[in-house]
Structure formats: structure tokens, C-alpha cells
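Peer 1: Sharing a model prediction with you, sequence too.
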Protein chains: 2
Amino acid sequence: TQTQYESLDYDVCENALFQAEQRKRLRDRFSLRIHVIRWIIFILIGIVTALIACTIDIVIEELSELKYKFLKSSVDHNVPVNESTGDLALPFFWWLLFSVVPVAIGAGMVTYIEPITAGSGIPQVKSYLNGVKVPRIVRIKTLAVKAVGVITSVVGGLAGGKEGPMIHAGAVVAAGISQGKSTTFVKDFRIFKAFRDDHEKRDFVLGGAAAGVSAAFGAPIGGMLFSLEEAASFWNQNLIWRTLIASIISSFTLNIVLSAYHGLHDFTFTGLFNLGKFDQPLTFEYFELPLFMLLGVTGGLLGAAWNSLNTLINKFRKRYVPWKVGKVCEAVLVAIMGVTLACTMIYFIDDCRPLGNDPTIHPVQLFCEDNEYNAVAALWFQTPEATVRALFHDPPGSHKILTLAVFTLVYYFLSCATFGLNVSLGVFIPTALVGAAWGRLVAMLIFYLFPNALFLHPGKYALIGAAANLGGVLRMTISLSVILMETTGIETSFFFPLIIALITAKWVGDYFNDGIYDTVIEVNNVPMLSWEPLPQYKGLTAKEILSKPVVSIKLVDSAHYIYEVLQKCNHNGFPVVDDVVGDRRSEGRVCGIILRSQLIVILLKSLYVENKRFWIPETSIQTFRDVYPRYPSISSVRPLDRKINYTVDLSMFMNPSPVRVNTHDSVPKIFNIFRALGLRHMLVINNENRIAGIITRRDFIYK
Amino acid sequence: TQTQYESLDYDVCENALFQAEQRKRLRDRFSLRIHVIRWIIFILIGIVTALIACTIDIVIEELSELKYKFLKSSVDHNVPVNESTGDLALPFFWWLLFSVVPVAIGAGMVTYIEPITAGSGIPQVKSYLNGVKVPRIVRIKTLAVKAVGVITSVVGGLAGGKEGPMIHAGAVVAAGISQGKSTTFVKDFRIFKAFRDDHEKRDFVLGGAAAGVSAAFGAPIGGMLFSLEEAASFWNQNLIWRTLIASIISSFTLNIVLSAYHGLHDFTFTGLFNLGKFDQPLTFEYFELPLFMLLGVTGGLLGAAWNSLNTLINKFRKRYVPWKVGKVCEAVLVAIMGVTLACTMIYFIDDCRPLGNDPTIHPVQLFCEDNEYNAVAALWFQTPEATVRALFHDPPGSHKILTLAVFTLVYYFLSCATFGLNVSLGVFIPTALVGAAWGRLVAMLIFYLFPNALFLHPGKYALIGAAANLGGVLRMTISLSVILMETTGIETSFFFPLIIALITAKWVGDYFNDGIYDTVIEVNNVPMLSWEPLPQYKGLTAKEILSKPVVSIKLVDSAHYIYEVLQKCNHNGFPVVDDVVGDRRSEGRVCGIILRSQLIVILLKSLYVENKRFWIPETSIQTFRDVYPRYPSISSVRPLDRKINYTVDLSMFMNPSPVRVNTHDSVPKIFNIFRALGLRHMLVINNENRIAGIITRRDFIYK
Ligand SMILES: Nc1ncnc2c1ncn2[C@@H]1O[C@H](COP(=O)(O)OP(=O)(O)OP(=O)(O)O)[C@@H](O)[C@H]1O
Ligand SMILES: Nc1ncnc2c1ncn2[C@@H]1O[C@H](COP(=O)(O)OP(=O)(O)OP(=O)(O)O)[C@@H](O)[C@H]1O
Ligand SMILES: [Mg+2]
Ligand SMILES: [Mg+2]
């Protein structure tokens, strides 16, 4: 079952109307104004994205604080000192309650209001930037549900992070601001009208995604690189430049707001280092490099296994839990499971540490001595992000080997069960957490064997472990390494070990399967274009992948025929041909290409040759932009009746310069052209310039 | 006078021979091997570039150390304590000697051995990456002259830096290693034969340039971004990824070698922060932002003025100093001027500071008290790079306002006179130095007015000043900001002020003229493609810029005709046509395109239809690669004589899928295609697929 995803039109349709507008703009120095407006929008995107990210951040922090404070005091009051007093079942039930309720709310909202908000959002944004129109992902409603969804889920204590949703939020903000109208609220502010086409919108979304990453991790350069790695096919300096500015503005705004919130007066709020800054520069020895590589291999293996397991679970889920209620229940179940496992661990593992060594916010005493706290509870009584921070920065000796081993195991499977639930949650933080846990574990084990090895800074190994695990699960190496660098403030000299671990993990993982985002995309049958043409296409020529006969339209064709074509087939692009012998349009000579949406507008507005004098004065390219992005369907066009014999002259509406290739051009070559130019349709012509076939995104993927 | 630069063939010629090789590769899993080799080459590029950079670095450091130590002791011995003793003329003459001799050697080498090594090298690398074949820039001889040239000039004390030449060195290393043969040494190692075409070579040079930046500044991410900003048109993830690895390997190697050289045992040699690491995170206040913006404006103005002045000086130079000896003398003259100005400043400005406050290596006492040193001499008695470092990190109160003001003035004009001399020197460091000087000056002035303003960290203002001045002169904003960040180890939170200054400077500067690199490129008439089509091209169509009639060749044409064509015109690409009426080849139907170099090989090797059975078995794509990159000229082909009636069948040699556009396609659109795909020739066809014209790089620039 091929889900019907459509593509974005990144190729600008330079028809006569567009040319007219261009000429007008040249005259009234419009281009400078539009330039300035574009910059302003990018800056706005940075600010608004950061504000939303801040809000999510602060709400999660405050609510979690309340929750865990309450739980801690509940535990303190109910620890059984002698046989009669205290009952630990009580805090357990409180904990259950505080998990189940938010998770149920979150899952309910996602399931019943906007199912597209499930998961991290990065695969969707990635698809969008690749040129696939994923329905409803850049709506304001989506943003609202996503924001509340991620807050409830993280506060509920599910094994997920807020980073993915924040990036998605950035994309929505960008789309919303740049269009100056909202389909959710049916409101059109009528500003920024000039930016209403897929090309402009995609550029803004690129900036929004970058701003999102920047806000989520405090990593402006990482944000820019993320956008590039995921999206840009044609490197356009001005675009990159604007993207970087959006990122920087975003991280700056975040900085101001969070500084103010934390009552600081200078702008070096280190909370921007989301995963905590390493105080001293990390150093390493030559002989540690192979060790890091080994960690990379481990990360690759664990990551690949995680991906496979997760895919299996999700297949199972799709098959056996199709009902909406079931999906909510499932989320609740996983929440309950998490709490139960955590409680069991805390109850049975006896790991007490002296107070004051480790800056735990809610030191639970439980069965420990008076000046000690329970190190297992410390791992669980906070958000996953805080736990990553703890694993990176806790002084050596903060955990028992058994604790970490069990924790790693539990979290590995818990996060695997969580990703794919109908809740808005990202996969970055849990992956980093699992990696940090086993990384630290490795350091502790080696230290246990060789107590004199001074190089075994456990935080360092936690970091490398996190990098390796992230590399193994996500496989986004370039931006990931920069993000990790920026978000922990490590120095350039430690870049090398980090990248060694990441690249090894990626290569090992790639041997087995795809990264988790790509898997999600594949499972959803999104027609993503990869970086290189698929290997099975090597050696083929255009002839072998094109579709024919091509449904074409004559340069001057009857309204009736167009109406019929639109009703009969649902292609989105039709070659415009002339020199047609009889009715054999599919062998005509190519003049241009016209989009379905344009044809519908033509029919709706009755732009016929016969009534030309009525519409010519008031028709411009803006007529077509106004209905963007929700083009009406052909069913909204009334039957032609009286106008059945009218004709349409496409010469002023069609795109007169579609990209054309020859039947014997090689597929790798035309793939590069298709990708570099961000095309939607590519016409294949023969030596006489007659139409021989058409190639779309789908033809590069499924044939 | 249009200098004849030719273009690179970034478009892969997928002819029948190429296809045959592809098929063979598919069979014997060659593609994996070639993949691995490519990675190895990139790693090698990183290592070798770093080693060369290290060598340059260390030699400069050692020689400068010797020079300034000697001068210091000479000054110490010759200070007149009473009327009879001491004569400061002596150290002055020593200084002159130590400047004039190295500068003369450097300038002599550049002038007489390899004039292309003059200047920074970045404009040349930039042109190359843009697709222009600048003769001799990637030869080993060039590298050798450049390395010795930069060492002598920096040691000689000219106002220039080693960064540009290091980047150029990276490019040469990349070209050299990847080709596995040297035209300078007439040696062919016959490895890496598969990489002998412009496409592959340009990709490697991209990595080399990145490795060079990385080694010069210790900025791996900056290196990658530099390459992207200057070069990449089509964003190819794998390429970027390899480029990043080359950068990281390069900075890692540098780290190891420099750590070893400085006798350190861990890998955090802070020398990698070339401009010195700021110990404490830099902070700033809201109200400083407008101030930073003002600094940006100043930087833009000063930078634009510098560029104009420099261009003027260079025009003058070109006109009045055409002789080789004159050029060497000129360099010597500037060196003498520099020393004289420095001595005058040191002699007349009385700026004594207590010892121990500022970590000056060669504290010259001169007329100061016993526990003091001369702060003016401290500025001059070291390499410019060390002076930048000093201005960034010296504690407040290390300089007098007068000293810095005069120093800024002197250095501004000195550096302006230096850039354009026939010596190998970059412009980065002197520009940063001037900026740092006036930045620090501003802080001191404000502090003088408001002695209570505590935010006035002079190092911070020096940094912002340097950024502003660099932005004003170079205008490479994205990579520059990242490089500055990495090379001074500042944190993300200070990224915002830095970019504010940079962007303001760039915008202000752009109002007046181009960046210095672009100016150099323009002065040399290099046909660079800009990012956007030139404004005067908006609204034009292909018809209006194409060249016609097109010199074309028939699919099966006579050897004689081809020979004639090659002798008569020096185009590099010829459309291959069939369906020709009579002799009207320039109206034929397009089948493909053939390059001049291919035609020459065909004639040289006598690949005629008539003697097909002799050459068919042993001819492959490698036959054409073997003569790369020095294709023989047509004059090396003996007259055809006996073979005058032979024919050539181009169907197996020509590129059957050249990019074709239509006569009425808009110029901005075809420009984007041309740039995104890195084309050299673009065929314009009419509606019947007959050749209507040809467009090359030149047509986008000069028409
Ligand atoms: N006008 C056409 N005539 C014949 N076949 C077509 C035409 N347009 C597309 N196709 C083919 O139909 C298949 C489905 O394409 P589809 O109709 O979804 O394209 P589209 O909707 O125009 O573009 P996209 O789905 O990428 O937005 C593809 O194999 C494509 O080559
Ligand atoms: N085969 C040809 N027939 C006619 N005009 C041509 C042909 N090739 C190029 N031109 C035109 O001649 C002018 C000079 O181009 P030139 O001959 O230098 O191109 P080239 O050497 O093939 O490419 P490049 O110089 O970019 O490497 C340009 O305006 C170009 O359009
Ligand atoms: Mg479709
Ligand atoms: Mg030429």
C-alpha cells in the first residue's frame, strides 16, 4: 500500500505572469524590500522558536521539580523505621498516579486531536525538507498539541526527550510566520504574501529547524549543520547565512530568557550547555584511542540492535493495537512499567553514598544512613536529561557497578518500548542516556580491574559512550558531533576522540540497518530521496525508469479535455505540448509543464480564451498564490456546462522551462540533477524534442 | 585584455567507455575498494597538510626567536647610559639586515621561480574551487616556493601572516597526493589512477583547503565551513563528511606534533588556539550590543577603505614596477620602511610598564627604569601573530593610548602596502592585528572617559575589533565567525556579539566595494561565478547570452575537418551533431558534446574508423585519463598526410548527455543549473532539438 505523499514544488515556475512580476519588481526597487522582509522573518523565527522552547523547558522543569519533591517527601515519611510505621506502597502509588495521569493526557491528545504529532517530529521535518509534503506537519494546531504532548510525557516520566519536538516546533513556527496566515484559525493577515510558494516556505522551514536545534541544545552551529545535513541539496550561500542567523538569534534569545528566569545578570547562563559544561578540558592518551573505537563498535552494535528491536515492536503495535483507546492504554502501560521497574530497582539495590559528594537535587534517604542518600533513587528522581547531565559530571564513585548495569539494561528496553508510542517524545535524550550509562559503566569496570589507571575520568567515558550510542542509533554524524561539542562545551582537541567513536558506531551500525529516523521514514513509505542514487539504478538510463504514455495537454486545449483529465487521473504535473497529430498528445513536442493546482485555478476562475478581456487586467501570479497552500480539489469545480466548448491557452500559465533530459541519459546523472535542483517533475524527451516520458520522485525509489 | 583562464570539467563525461568501466566495476566490487582508497587519501591529506603547517610554524617560531633575542641583546648593549657609550644605530642596522635579507630571498624566489605564489593563495584556491583552472597553482614546486617564501617573509618581519599560504599548501598537498604523480618531478607512481579527472581532483582540493584552514587556525569546523562557503555548489553529504574528517585529522596531527615539540604530554596544547584561549568566559551587557554594532560599522568603513587603497596601490605597482628586479626591490623597500617606522616609534614614544605584568618574551628595557620594560618595543619585537595574541590577552593597562593609536595607524598603512608585494603572505593576521589594535584602543578611550565602566575588558574589545576589521576586509562571514570562535576558544554565548560585529562590518563594507579576495580575483580577470546571477541578467533569456554560430562536429566526421577546427579556434567543447544538411553543422541536431582534449587524444592515438580493429581492444577510459592533466596541444599532432581521408566516429567518445536548455529559458534559472551542477558547457537548443547556441562560464560574466 503506497500512501499518497505528494512532493513540494521547489522548482520555481517561471511563467509569463512570474516574469511580469519580476519586471515590475525591478522597476520599483521591490527586491530590496523583499530582501529585508526575508531577513526580518528569519530573525522572528529565531526569537519565537526560542520562546516556545523556553516555555516548554521551564514548564517541564517546574512540574518535574514539584513532582519529585513531593515524591521524595512522601518516601521520607513512609520509610518503615520499625515494623508498625511506614508503608512504601504509598509513594509507589503516588508515583504511579503522577506518571499515569500526564501520560494519559498526552497520549490522549496526540491520539484524538492530531496523530501526526506522535514521535519525535524529526523524521517528519526531515521528509519535508527533502521535498515531501507531509500533511499537516506545519500547522499551528500541530504545534500546540506537540508542545502540550511533550510536556506531559516528559513530566510523566516516559523515557524520552524534548529535543525532537522542539525542532519540529521550530519548523512549524517558521512555516507559520513566513506565510502570515493560519489555516487552523482561518485567518489571513495578508502580509508576506510574496512568500506563498513551496520554494520560499521550504527555505524558511530550513531556518526554523536550525533554530529549533539551536534552542534545544544551545548549539547554533550544530543547528545550521543539522539543517544542511538533512536538507540542503543546492548550497545557496545566502540561505545558509540566514539559517545561521536564525540559529544564533534563537540561542541568544534562549540565553536571555533562561538567564532572567534563573536570576542571573550576565549572559553566560551555563544551562545553555544542556548537557552540562565540562569544567576542565578533557584530555586523553594515545592508547585510549583504540578503546574509544571499541566503544564506537559497541555503540554501533547496541544501536543497530535497538533499531531492529524498536522496528519489531512497532510492527507488532501496528498490527495488534489498531484502536485509538488501545494506543492510549499502551502508553499508560509503558508508564506503569517504567515506574514499577524503577521502584523495584530502588527497593532492591542497596547503593548508599555520602551526601554532599554529588549535587543531587532530591537526595532520597530511604534505607540509607543519616548522612547518606540512595544513589539509585538519584538516577530516577529527575528528568532523563538531568540524568544524562549527572552521568557526565558526577564525580568518580557516585554509583555502584551493579546499579549502572541494571539501569542501563532497564533503560535500554524501556526507551525501546517508548519510541513509537502515540506520545510526542524525542529519542535523542534516552539514547544519550543509555550510552552515557554504559560508557560510565565501562570506565568503572576498567577502573575496577586496574585501580591505578588515572586516565579513567568516568564523565569522559560517559560522553564517549553517549556519542557512540547516538551514532549507532541516529547515524547523523556531522551535525551530531558538533551538537555534542557545543552542548557540553568541550574543546576542539577532544573533537577527534568524539568523532572516532561516532564514525565507528555509524559504520558498524550501517552494516546492519538504517538509522532510526530513516527507518521511521521507510516504514511510513515516505518517498525520500537519498544522497546517492540507489545502487540498483547504476548503469540504467532514463528510458528504463520513465513513465509513459504521458498524460499531456495541448498548448491551446479545450476546457472540457482538461476537466476530464483532472478528474480521471491524479498526477500533479502535465507536459504542455504542441505540434500534435490528431489526438496523440502523448507524442507532442514539449513546450512546458503545467501543474494540477494551476489548472484547477484556471478552471475555477474561468480563465478562458473566450472571456479573456474580463480577467486579463486583474490576473497576476498572486491569483495563483492566494489559494496556496490548500488548493481546492477538482470536485470543487462546477461542471462546465455552458463553457464546455471554451478553450484554455496555457502559454501564459505554464512553466516554459521545465528541466528536460534525454532518453539515453544515465540514471545517476539525472538523479543528481533532480536532487540538486530540487525538482518535482522531469520531462524525458527524444531526439526530436518530443515527449518520451516523465520522471518523478517516485520513479527513483520504487522501480 | 581577457587573460585566458580555462574552466575545470566538473561534469563527468559519461561516454560509452566510462559506462564500460562502470559495468566492470560493478562486477568486481571495485567500487568498495575505490571508496576505501578515497577515504585513505583524505586522511593522508589531513596528515601531510598538518605536517607541512607544523614545519612552517616551528621554523618561523625558532627563527623569529633567534632574531628578536639577538636584537634585544643588541639593544641592551647599546643603550646610551652616558654621552660616550652606546649607539642605537647599531641595533637598527642589525634589524634592517635581519629584515632585508630574508625578505629579499623570499621576494626573489617568488619573482624568479614561481610568480603564482605571490600573495595569500586564498584567491587562487577560491578560483580553483569555483571551477577555474588557474595554471600551476596545485604543483609541488608552487608548494615549495610558497613554504620557503612565507617563512622568509614572516621572519623578515613583513606585515603578513602564514595562514593564507597554509591553506594554499593544503590544496597543493591534496592535488598532489590524490593524483599520485608529479608534473614537477616528471614522476608517475601509477597509483590512484582512477582519480585522474577534474571532478575528483576538485573534491580532493576541497578537503585539502579545509585541512589547511584547520591546521592554520586549529579550527576543524571552521575549515569545513570555509571550504563550503568558498566552493561547494552542490551539497554532497559524503563529500562534506570526508572534508570534515580531513579537517579533524589535520588538527589532531597538528596537536600531536606541536604538543611533542613543546614537550607536553597530554593533547591539550593550547597553541592550537592560535590566537590564544580566553581564560574566563567572555560576558557582555545589553547596552554593549549597540557599541559592538558601532565597532562593526567602523570595521566596515576601515576595511572598505583599506581594500580601495590596496587596490589603488596595486594598480600603481602594476603600472610603474613591471620589471622583476623592481618587484624584489619594492619588497625590500617596504621591509626597510617597516623597520624604520618601528624604530622611530620605539625611540620617540615613551611607554614604560612594570615588568611581570604582561608576559612579554623579550622585554626590552631601552630608556626605561630597571624594573620596567618598553611597551612599544614589546609590540614590535615579535611576529604579528604573537602581537594579536598579546592584544587579546594582555591585562588591562599594558599600553598607552598614544602607543596603540600610532601603532594602529602605522600598521594599517604598512599592511596595505605589503599585500600585493611579490611575497607569499596572507592578509588575515595583519587585518586581525589592526582590528585588535583599534578595538583595544576604543576600550581604553572609553575607560579613560568613564573610569568606572567595569565591563570594558580590553581583550574583549580587541577581539570584537579584530572580527569587525576582518569582516570589513575579507567579508567571509560564516566561516570567519566559526574560525574566530574556535581559535580563541570562546563560548557559544559570545557568538552573538561576534556575529553582530561581523555582519555589520560586512554589510557596511559591501556598500562600498568587494572583499579583498574578490577584488584580487576581479583584478586578475578570473571568470568567477558568483552565488547569484549578476543583476543585469535578470529578465534575460538564454537567447540573449548564447554564442552562435556554434562550431560543431558531426557524429561521424572527417579527421581532416577536426584537425582544422582544432587549429583554427581554441574552444574547449564542441557539440556533436547529426542530421546535418550539407555543411551546415551549426544547425545540426544535438547528440552530445566532445572536449578538445578528447579530440586531441583521438588524433594523437589515431583512433579512426578505418583502423578500428587495431585500437579497439586496448582503448578504455584510462587512455584518456593517462594524459591528464597536461593534455598536449594540437601542435603536437603531426599533420595527417596519409590519413587525411580517414574518419572519426565520435559516438563512443562523446558525452552523450550534455545539459541542454531551451532558447527561451530565463538566465537566472540556467545560471542556477550551471552553478549547481558545476558545468563547463551548456548547449542551447531550439524546439526541434537543433543547436541554437552554446553558453560557457564566460557568457555569464562578460556579456
Ligand atoms: N502526466 C503524467 N502522465 C503519465 N504518468 C505520470 C504523469 N505524472 C506522473 N506520472 C507517473 O505516475 C507515477 C505517480 O506519480 P504522481 O502522479 O504521484 O506524480 P505527481 O503527483 O505529479 O508528483 P508527486 O507525487 O511527486 O508530487 C510516477 O511513476 C510518475 O512517473
Ligand atoms: N564550440 C563553440 N562554438 C562557438 N562558440 C563557442 C564554442 N565554445 C565556446 N564558445 C564561446 O566562445 C566564448 C569563449 O569560450 P571558450 O572558447 O573559452 O570556452 P571553453 O574554452 O570551451 O570553456 P572555458 O574557457 O570555460 O574552459 C564564449 O562566449 C563561448 O560561449
Ligand atoms: Mg503524486
Ligand atoms: Mg576557454
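Peer 2: Received the coordinates, thanks. Ligands and ions are numbered 1, 2, ... in the order given.
Peer 1: List, one by one, the residues from the stretch 401-550 of chain A near ligand 1.
Peer 2: For the stretch 401-550 of chain A, the residues in contact with ligand 1 (Cβ under 6 Å from any ligand atom) are A:547, A:550. (Glycine included, C-beta is placed from N, CA and C.)
Peer 1: now the helices for the stretch 401-550 of chain A?
Peer 2: Per DSSP state H, counting those that start in this stretch, the stretch 401-550 of chain A carries helices over the ranges A:401-418, A:428-449, A:458-473, A:477-488, A:495-512, A:516-523, A:542-545.
Peer 1: Of all residues in chain A, which one is nearest the centre?
Peer 2: What sits nearest the mean C-alpha location of chain A, by Cα atoms, centre = their mean, is residue A:122, with 1.4 Å.
Peer 1: Where does the stretch 351-500 of chain A get nearest to ligand 2, which residue?
Peer 2: Nearest to ligand 2, among the residues of the stretch 351-500 of chain A, is residue A:478, at 32.6 Å (Cβ to the nearest ligand atom).
Peer 1: An error on my part: the question was meant for the stretch 51-200 of chain A.
Peer 2: Using Cβ to the nearest ligand atom, the closest approach of the stretch 51-200 of chain A to ligand 2 is made by residue A:199 at 29.3 Å.
Peer 1: pLDDT value on that residue, please?
Peer 2: As summarised for this prediction, residue A:199 has a pLDDT of 85.
Peer 1: list the buried ones in the helix or strand hosting residue A:315?
Peer 2: Residue A:315 belongs to helix A:288-320 when assigned by DSSP states H and E. Neighbour counts over helix A:288-320 (16 or more other Cβ atoms under 10 Å in any protein chain shown) mark A:288, A:291-293, A:295-307, A:310-311, A:313-314, A:317 as buried.
Peer 1: one step back: which residue is the nearest non-sequential neighbour of the residue of the stretch 351-500 of chain A closest to ligand 2?
Peer 2: Spatial nearest neighbour of residue A:478, excluding adjacent residues (Cβ to Cβ, 6 or more residues apart in numbering or on different chains): residue A:229 at 5.3 Å.
Peer 1: and the one you found, what does it touch?
Peer 2: By Cβ atoms under 8 Å, 6 or more residues apart in numbering or on different chains, the contact set of residue A:229 is A:476, A:478-479, B:237, B:240.
Peer 1: Please apply the same query to residue A:341.
Peer 2: Applying Cβ under 8 Å, 6+ apart to residue A:341 gives the contacts A:410, A:414.
Peer 1: which secondary structure elements does the longest helix along chain A contact?
Peer 2: For chain A, the helix with the greatest residue count under DSSP state H is helix A:30-78. Contacts defined by 3 or more Cβ pairs under 8 Å, 6 or more residues apart in numbering or on different chains; DSSP states H and E place helix A:30-78 against helix A:16-27, helix A:89-112, helix A:140-156, helix A:163-179, helix A:198-217, helix A:237-261.
Peer 1: List of residues touching the shortest one?
Peer 2: When contacts are defined by Cβ under 8 Å, 6+ apart, helix A:16-27 is touched by residues A:12, A:30-31, A:34, A:619-622, A:624, A:651-653, A:656, B:538-539, B:666.
Peer 1: just how off-centre is it within its chain?
Peer 2: Here the centre of helix A:16-27 is set off from its chain's centre by 36 Å, with Cα atoms, centre = their mean, to the nearest Å.
Peer 1: where does chain A have low pLDDT?
Peer 2: Where chain A drops to pLDDT under 70, the residues are A:1-3, A:28-31, A:82-86, A:181-191, A:231-235, A:264-273, A:357-359, A:703.
Peer 1: Get me the contact residues on it for ligand 1.
Peer 2: By Cβ under 6 Å from any ligand atom, the part of chain A that sits against ligand 1 consists of A:6-7, A:547, A:550-551, A:571-574, A:680, A:694-699.
Peer 1: Residue A:453: which of these is nearest?
Peer 2: residue A:697 (53.5 Å; Cβ to Cβ).
Peer 1: List the backbone torsions phi and psi for the residue lying closest to residue A:561 once chain neighbours are set aside.
Peer 2: Among residues not flanking residue A:561 along the chain, residue A:553 sits closest, at 7.3 Å (Cβ to Cβ, 6+ apart). For residue A:553, the backbone dihedrals (degrees, to the nearest 10) come out as phi -130, psi 140.
Peer 1: Make TSV from the helices of the stretch 401-550 of chain A and add distance to residue A:324 and mean neighbour count to it.
Peer 2: Shown next, in TSV, are the helices of the stretch 401-550 of chain A (distance: least, Cβ to Cβ, whole Å; neighbours: other Cβ atoms under 10 Å in any protein chain shown):
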stretch	distance to residue A:324	mean neighbour count
helix A:401-418	19	21
helix A:428-449	25	25
helix A:458-473	29	30
helix A:477-488	35	25
helix A:495-512	34	23
helix A:516-523	20	20
helix A:542-545	40	18
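Peer 1: of all those helices, which lies closest to residue A:349?
Peer 2: Minimum separation from residue A:349 across the helices of the stretch 401-550 of chain A (Cβ to Cβ) falls at helix A:401-418, 5.6 Å.
Peer 1: Can you say which helix or strand has residue A:345 in it?
Peer 2: Applying DSSP H and E, one finds residue A:345 within helix A:324-348.
Peer 1: buried stuff in the following helix or strand past that helix?
Peer 2: Downstream of helix A:324-348, the first helix or strand assigned by DSSP H and E is strand A:352-354. For strand A:352-354, a neighbour-count test (16+ other Cβ under 10 Å) marks A:352-353 as buried.
Peer 1: who's in contact with strand A:352-354?
Peer 2: The contact list for strand A:352-354, computed with Cβ under 8 Å, 6+ apart, reads A:367-369, A:371-375, A:397-399.
Peer 1: Can you give the distance of stretch A:371-379 from its chain's centre?
Peer 2: Mean-position distance between stretch A:371-379 and its chain equals 36 Å (Cα atoms, centre = their mean).
Peer 1: ok, and for that stretch, which residues are buried?
Peer 2: Buried residues in stretch A:371-379, defined by neighbour count with 16+ other Cβ under 10 Å: A:372-379.
Peer 1: Which residue would be the closest one in the stretch 151-300 of chain A to ligand 1?
Peer 2: residue A:198 (10.4 Å).
Peer 1: ok, now which ones touch that residue?
Peer 2: Counting by Cβ under 8 Å, 6+ apart, residue A:198 has contacts A:8-10, A:133, A:629.
Peer 1: Please repeat the previous calculation with a cut-off of 10 Å.
Peer 2: Residue A:198 makes contacts with A:7-12, A:131, A:133, A:205, A:628-629, A:678, A:680, as judged by Cβ atoms under 10 Å, 6 or more residues apart in numbering or on different chains.
Peer 1: quick one: it and chain B, what's the gap?
Peer 2: Relative to chain B, residue A:198 is positioned 16 Å away (Cβ to the nearest Cβ, to the nearest Å).
Peer 1: pretty sure residue A:548 contacts residue A:690?
Peer 2: No - using Cβ atoms under 10 Å, residue A:548 is not in contact with residue A:690, being 11.5 Å away.
Peer 1: out of these two, which sits in the busier spot?
Peer 2: Neighbour count, other Cβ atoms under 10 Å in any protein chain shown: between residue A:548 and residue A:690, residue A:690 has more, with 17 against 13.
Peer 1: Now that one, what are its backbone angles?
Peer 2: Backbone dihedrals for residue A:690, given as degrees, to the nearest 10, come out at phi -100, psi 150.
Peer 1: any idea how far ligand 2 is from it?
Peer 2: Distance, residue A:690 to ligand 2, using Cβ to the nearest ligand atom, to the nearest Å: 26 Å.
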